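Peer 1: sequence plus the predicted model coming up.
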Protein chains: 2
Amino acid sequence: MPGLTIAEAAETLGLTSDTLRYYEKDGLLLRPVPRSSSGHRRYAEDDVRWIVLVTRLRATGMPIRDVRRYADLVRSGDGNELERLELLQAHRERVLQQLAEVTSHLGAIDHKIGIYEDRLRRSRAIA
Amino acid sequence: MPGLTIAEAAETLGLTSDTLRYYEKDGLLLRPVPRSSSGHRRYAEDDVRWIVLVTRLRATGMPIRDVRRYADLVRSGDGNELERLELLQAHRERVLQQLAEVTSHLGAIDHKIGIYEDRLRRSRAIA
DNA sequence: GCTTGACCTGGAGTGCACTTCAGGGGCGAC
DNA sequence: GTCGCCCCTGAAGTGCACTCCAGGTCAAGC
């Protein structure tokens, strides 16, 4: 019987079985995952590859709803490549902006860390 | 009457008045914000400065609970600088790792964007 | 043939970080 | 003196993304 069980797919993807079922029910996948004769899911390579992309989008902060919209576009076949591209580009811009913001905040936090390190060095020098 | 009203503080900080009240009730501030004679909050410079730090911690993904722990440490005065430093350093490490992860995922998404751009250039060249 | 373990379903529950609401001042402008 | 506006409180509600649960099926091992 080819394909991965849900537990194997979850392990491979760094998700839980529950999350995989939830993603499928919520329309984030391109197709219902194929089943074995006993009705258990068997994830093919293509399924896993797609879910890897889903995890990348999620890990960069794309809401479930937007991932679903992207999946809808891909599922509905050729002809909407521009729409898909625009969706990804918009996401890219948001991620870049968020990276810049986080980096800048991190700089300020680093500064604060430096102050504490100094203070502790000094007090240790006195003691 | 000195200090900022809650609406002014919210405007300054990019938060809502509701969030400011929520932060205060939840122990994220260093002291109860001073009140005017009519019982309205008046944010002093120090209050605003502290909340700026809170927003930086929050914007870099620190959970409310950890911000509260940090506020507790600062509020309890001198002597726990090492603990504060460790808290900030641990946060710093998590942020750096998250930045690296997001950057790497973004690279993969960029790659996909490039593929769509190519495809669209080609199809436009044919048409 | 009975137990065990992985999987199934629909639906309820959880944790987080706000956000909204109901009901009630206080105060300056008209 | 009353209207409108900003503010107050405690408590309930919201949206998101899972996570857990009850009750059931099925195949394999003893």
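Peer 2: Arrived safely, thanks for sending.
Peer 1: I'd assumed A:R42 was in contact with A:V33.
Peer 2: Yes. Between A:V33 and A:R42 there is a contact at 7.1 Å, judged by CB atoms under 8 Å. For the C-beta atoms, the positions are set from N, CA and C on the backbone; glycine is no exception.
Peer 1: who's more crowded, those two?
Peer 2: A:V33 (21 against 17; other CB atoms under 10 Å in any protein chain shown).
Peer 1: residue contacts, the more buried one?
Peer 2: By CB atoms under 8 Å, 6 or more residues apart in numbering or on different chains, A:V33 lies in contact with A:E24, A:R41, A:R42, A:Y43, A:D47.
Peer 1: correct me, but A:G61 touches A:Q98?
Peer 2: Yes. At 6.6 Å, A:G61 counts as touching A:Q98 under the criterion of CB under 8 Å.
Peer 1: which one's the longest helix in chain A?
Peer 2: With DSSP state H setting the assignment, residue counts place helix A:81-126 as the longest helix in chain A.
Peer 1: tell me what that one is packed against?
Peer 2: helix A:64-75, helix B:45-59, helix B:81-126 (3 or more CB pairs under 8 Å, 6 or more residues apart in numbering or on different chains; DSSP states H and E).
Peer 1: do that helix and DNA strand D meet?
Peer 2: No. Helix A:81-126 lies apart from DNA strand D when judged by CB under 7 Å from any atom of the strand; the minimum separation is 12.4 Å.
Peer 1: let me know the angle separating that helix from helix A:64-75.
Peer 2: Helix A:81-126 runs at 140 degrees relative to helix A:64-75, counting by axes from the mean of the first three to the mean of the last three CA atoms, to 10 degrees.
Peer 1: can you give me the offset of helix A:81-126 from its chain's centre?
Peer 2: The chain centre lies 19 Å from the centre of helix A:81-126; the measure is CA atoms, centre = their mean, to the nearest Å.
Peer 1: I'd like the mean pLDDT over that helix, please.
Peer 2: What helix A:81-126 shows for mean pLDDT is 95.
Peer 1: how about stretch A:65-78?
Peer 2: 96.
Peer 1: now swap in stretch A:49-56 and tell me
Peer 2: Rounded mean pLDDT across stretch A:49-56 is 98.
Peer 1: identify the residues contacting stretch A:64-71?
Peer 2: Under CB under 8 Å, 6+ apart, the answer for stretch A:64-71 is A:D26, A:G27, A:L28, A:L29, A:L30, A:V54, A:L57, A:R58, A:R84, A:L87, A:L88, A:H91.
Peer 1: what's the nearest residue to the last one if we skip its chain neighbours?
Peer 2: Read that as A:H91. A:M62 (5.5 Å; CB to CB, 6 or more residues apart in numbering or on different chains).
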